[in-house]
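Novice: Provided below are the primary sequence and the corresponding predicted coordinates.
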Amino acid sequence: MSRSMALLLFLVLVIGGGLAIGYITLPGEWYAGLVKPSFNPPNWIFAPVWTILYILIAIAGWRVWDYGLPRPQQFWWAQLVLNFLWSPTFFGFQQMGLALIVISLLLVAIIGFIKVTWEPDRSSALLFLPYLAWVAFATLLNASLWMLNATG
């Protein structure tokens, strides 16, 4: 398989998967009815931010695959699974506490990817820094939503 075809497949997998999951698990009335923290961003910001992040994630995944780096690939796949699991957990099942666990594990996987990729392919590690920042913010947002809307 050519390098450019492999990159295209990574882009289709990550962007396509992310957009499909986002479409299937649109926030809806339940999310609209939640008490939000003061720092909650407007809904329109999520799609463009995630599209950019998915492009960076795909390129980083392709790079570690292309360079044959097995440990970074393990972290890359782990973060992708956790990333794709969060929306159904939060929006689909409306389980904010469980979603907080998922996103916390996602944060650990992202940090792990950056750590194991830093020496062999710093560019891939750097591609994950905006993702790390956004998921750290999203973790805080998830925790805040859970605390503000806890019942019982």
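Specialist: Structure's in. What do you need?

Novice: quick one: L69 and A125 touch, right?
Specialist: No: applying C-beta atoms under 8 Å, one finds L69 not in contact with A125, separated by 11.0 Å. In this view, the C-beta of every residue, glycine as well, is placed from N, C-alpha and C.

Novice: can you list contacts of the host helix or strand of W134?
Specialist: Taking DSSP states H and E as the definition, one finds W134 inside helix 129-148. Contact with helix 129-148 is made by 34-37, 39-40, 49, 52-53, 56-57, 90, 96-97, 99-100, 103-104, 106-107, 110-111, 114, as judged by C-beta atoms under 8 Å, 6 or more residues apart in numbering.

Novice: Restricted to buried residues, select those in PyMOL.
Specialist: This is the PyMOL syntax for the buried subset of the contacts of helix 129-148, where burial follows 16 or more other C-beta atoms under 10 Å:
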select buried, resi 53+56+57+90+96+99+100+103+106+107+110+111+114
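
Novice: which regions of this protein sit below the pLDDT cut-off?
Specialist: 152 (pLDDT under 70).

Novice: what are the ranges of the helices in it?
Specialist: 3-11, 17-24, 28-32, 46-66, 70-87, 96-117, 122-127, 129-148 (DSSP state H).

Novice: And the most centrally placed residue in the chain, how far from R3?
Specialist: Nearest to the mean C-alpha position of the chain, by C-alpha atoms, centre = their mean, lies N83 at 4.0 Å. Using C-beta to C-beta, to the nearest Å, we find N83 at a distance of 24 Å from R3.
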